[in-house]
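> need a 3D model of the sequence below.
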Amino acid sequence: MRLERLNYNKIKIFLTIDDLMDRGLTKEDLWKDSFKVHQLFKDMMNEASLELGFEAHGSLAVEVFSLQAQGMVVIVTKSNEEMDEEEEDYTDDYIEMQVKLDESIDVVYEFQSFEDLIQLSKALKQMGLTQGSVYFFNQKYFLHMDDYSPAQIETLIAVLAEFGSSTTLTLHRLQEYGKPIMKEDAIQQLTSYFH
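Numbering: from 1, shown residues only. Predicted coordinates for the structure are as follows:
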């Protein structure tokens with residue numbers, strides 16, 4: 001589980017598939033209202049309190065985004081309403097949550113070096129994949145894949161994980177703040193220029 005403070009009243013939590021499996025949950029379980037999901041949320045809020053000083057009380061907006069075979073991103077936003085002393089006594093017992101669920105079909109992976117992308121491109125080309133886009137952001141390279149079939153997703157994620165690592169960055173953030181290196185046909189370009 002990775003936590004990041006976005007601003008004074010908003011945090012982002014990235015849960016990998018392994019984080020969920022360690023707690024006996026699947027991605028599908030997060031769409032349900034169960035004891036295990038409530039326990040996971042309580043654990044996340046406790047960790048956010050310890051690591052980031054983010055105190056969860058009162059009304060919270062919770063957005064859950066499923067990333068293809070990578071895990072989940074949970075955005076938690078506290079309301080701006082201040083609580084008085086009497087209400088704070090009940091924060092452990094009751095948190096009002098407004099939950100919004102969404103699923104992203106974007107597959108985005110980060111790579112430490114451009115050489116990792118070159119090596120990856122050969123494996124993806126053998127799978128018949130030629131599309132994708134490459135961005136540079138915060139001294140790392142990011143590959144967005146979008147031309148895979150549903151039958152290829154598990155193999156694609158396995159190959160990507162061999163050369164890079166999953167990221168919590170969204171495609172929209174990369175498009176807005178990242179430097180585009182190859183806007184389209186990235187795998188085709190990498191294999192034709194470097195192999």
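> tally of neighbours for the residue lying closest to residue 55 once chain neighbours are set aside?
Distances taken as CB to CB, 6 or more residues apart in numbering place residue 49 nearest to residue 55, at 5.8 Å, with adjacent residues excluded. Where you see a C-beta, it was placed from the backbone N, CA and C, and this is true even at glycine. Residue 49 has 12 neighbouring residues, counting by other CB atoms under 10 Å.
> next one: residue 41
A total of 20 residues lie near residue 41 under the criterion other CB under 10 Å.
> name the element it belongs to?
helix 35-52 (DSSP states H and E).
> and that helix, what does it pack onto?
Packing contacts for helix 35-52, counted by 3 or more CB pairs under 8 Å, 6 or more residues apart in numbering; DSSP states H and E, involve strand 2-7, strand 10-16, strand 71-78.
> now the next helix or strand after the second one, how far from the centre of its chain.
What it means is strand 10-16. Using DSSP H and E, the helix or strand that follows strand 10-16 in sequence is helix 17-22. Put simply, helix 17-22 sits 14 Å off its chain's centre (CA atoms, centre = their mean, to the nearest Å).
> assign a three-state SS to residue 24, would you?
Here residue 24 takes the coil state, with states given by DSSP: H, G, I helix; E, B strand; the rest coil.
> could you list the domains of the protein?
For the chain, the structural domains run 2-104, 107-194, going by automatic domain parsing.
> avg pLDDT for the shortest one?
pLDDT averaged over domain 107-194 equals 90, rounded to a whole number.
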